[in-house]
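K.L.:
for reference, the sequence and a predicted model appear below.
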Amino acid sequence: MTELQELRRYRRDLHRIPELDFDLPQTIAYIEGVLASLACEVTHPCPSCVCAFFDAGVGAVHATAIRADMDALPVEEKTGLSFASRIPGRMHACGHDAHTAILLGTARVLKRMEKELPCRVKLIFQPNEEGSDTGGMRLTQAGAVDDAALILGLHADPDVAAGHIGITPGAVTTARHRYEIEFFGKTAHVAKPQTGRDALAMAVLAYDAIELMQTRQIDPQEKYLCCIGALNAGEVDNVVPDYARMLVSVRTFDLKLDAFICTRIQEIADGVARQMGGTARVTHHFEALPVVNDSALCREMHRAVTDALGAAFAVEMPVKMWSEDFSYYLEKVPGCFVGMGVRNEALDCTSALHSNYFRIDESGLINGCKVFVQFVMNYRGQEVSYGSYQKENI
């Protein structure tokens, strides 16, 4: 079995067993099974997390860390693939199965060449990138990168051609801020609406005010997103509803703008509720900072891609309105987060992330392993021999 075939096997095995948040027993068991055959040091700094170490005994205090996320999404798969999800209502629709497969493949290469490693390498398999109270936040709180000098990560990118690596210094993904806005009023018969306090009307007024804020109170040159994704109220047609609930997603690169939007949402909710004789409650969760790549490490990554694959495989990664909890690691150590190209029009691998039709071109997975290993060796001034990781496998 070639290395690419092995990566495909890892990815497809994981794709069949998508699990959510921190509840990843099958995924963890699979990863630990692969690592057990490598006889590496394994630790669990927090629940549902696995860290694996590879060390040539050089005595380095700080490691080069490489992270992959493992969790899936509550999405019903509709790809029709032979290895589609076996769990109804769950799917690896964001490529985390590919990320994990790449890191497992990287582990195999690191073990094979462990005596040549110029530094300690730490692989971090992280839970719950998608949810609240994210795995990245918990891991940094648990000290998972306190022993690291830098950290690397990647994400499947359907905007980049398969096998190519997208690299951009500076901010590449947004902060993520979620809001739940609840309005409380009083029910009434529709024949006497004046005796009630219409919570739905409060929500509609808030919707209009938030949209107006975006067109009249925020610089139109700002790059941000403020989307009202859900509004629920009422049960029947002849009762004034006493409760309404609105969900809002805010993405920003500028934390000052994020703070302004947060303040205005609270003011708007309180103001429209008071106008209608009701009350409002705003609950918000700040879930990720912007991912800001270190410029020097981006140069090193570009060199690693060029050395491992050729200069043509290093491309600019389009800045994303996604968010990524990789940002929590970057509060502690410098890092580089890249896009792993998975797009191939001929194979119909073009769907966006989080789509229930999301598919990837697996042929480029091997390039992620090559680049990670090349970076480790280059960054300490050494060259790398991949053995069976040859360009004909691309």
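P.N.:
Good, I have the coordinates. Numbering: from 1, shown residues only.

K.L.:
so how far is residue 117 from residue 184?
P.N.:
60 Å (Cβ to Cβ, to the nearest Å). No exception for glycine: its C-beta is placed from N, CA and C like everyone else's.

K.L.:
quick one, which of the two is more surrounded?
P.N.:
Between residue 184 and residue 117, counted using other Cβ atoms under 10 Å, residue 117 has the larger neighbour count: 23 against 15.

K.L.:
so residue 121 touches residue 67, yeah?
P.N.:
No. Contact between residue 121 and residue 67 fails when scored by Cβ atoms under 8 Å: they sit 11.9 Å apart.

K.L.:
more neighbours: the two, which one.
P.N.:
Neighbour tally, residue 121 and residue 67, criterion other Cβ under 10 Å: the higher count belongs to residue 67, 28 against 25.

K.L.:
just checking, the more buried one touches residue 329?
P.N.:
Yes. Residue 67 lies in contact with residue 329 (Cβ under 8 Å); the separation is 6.7 Å.

K.L.:
overlap in contacts of those two?
P.N.:
151, 153 (Cβ atoms under 8 Å, 6 or more residues apart in numbering).

K.L.:
packing partners of the lengthiest helix in the chain?
P.N.:
Across the chain, the longest stretch assigned as helix under DSSP state H is helix 255-275. For helix 255-275, the packing partners by 3 or more Cβ pairs under 8 Å, 6 or more residues apart in numbering; DSSP states H and E come out as strand 175-184, helix 199-216, strand 224-233, strand 243-252, strand 279-288.

K.L.:
roughly how far does the residue lying closest to residue 173 once chain neighbours are set aside sit from residue 35?
P.N.:
In space, and not counting its chain neighbours, residue 173 is closest to residue 291: 4.3 Å by Cβ to Cβ, 6 or more residues apart in numbering. Plainly put, residue 291 is 27 Å away from residue 35 if you go by Cβ to Cβ.

K.L.:
the more surrounded of those two?
P.N.:
residue 291 (27 against 21).

K.L.:
quick one, phi/psi of the more buried one?
P.N.:
phi -80, psi 120 (degrees, to the nearest 10).

K.L.:
so it sits right up against residue 326, yeah?
P.N.:
Yes. Between residue 291 and residue 326 there is a contact under Cβ under 8 Å: 5.5 Å.

K.L.:
between these two, what contacts are shared?
P.N.:
173, 337.

K.L.:
pull the contacting residues for residue 275.
P.N.:
202, 205.

K.L.:
now do the one 4 residues further on
P.N.:
Residue 279 makes contact with 183, 184, 273, according to Cβ under 8 Å, 6+ apart.

K.L.:
which of those residues lies closest to residue 84?
P.N.:
residue 183 (40.7 Å; Cβ to Cβ).

K.L.:
got any ranges where this structure has weak pLDDT?
P.N.:
1, 57-61, 380-394 (pLDDT under 70).

K.L.:
same thing but 50
P.N.:
381-394 (pLDDT under 50).

K.L.:
tell me the centre residue of it?
P.N.:
residue 324 (4.1 Å; Cα atoms, centre = their mean).

K.L.:
which residue packs closest to that one, ignoring adjacent ones?
P.N.:
residue 173 (4.7 Å).

K.L.:
name the helices or strands packed onto the helix or strand hosting the one you found?
P.N.:
Using DSSP states H and E, residue 173 falls within strand 170-173. With contacts taken as 3+ Cβ pairs under 8 Å, 6+ apart, strand 170-173 sits against strand 291-293.
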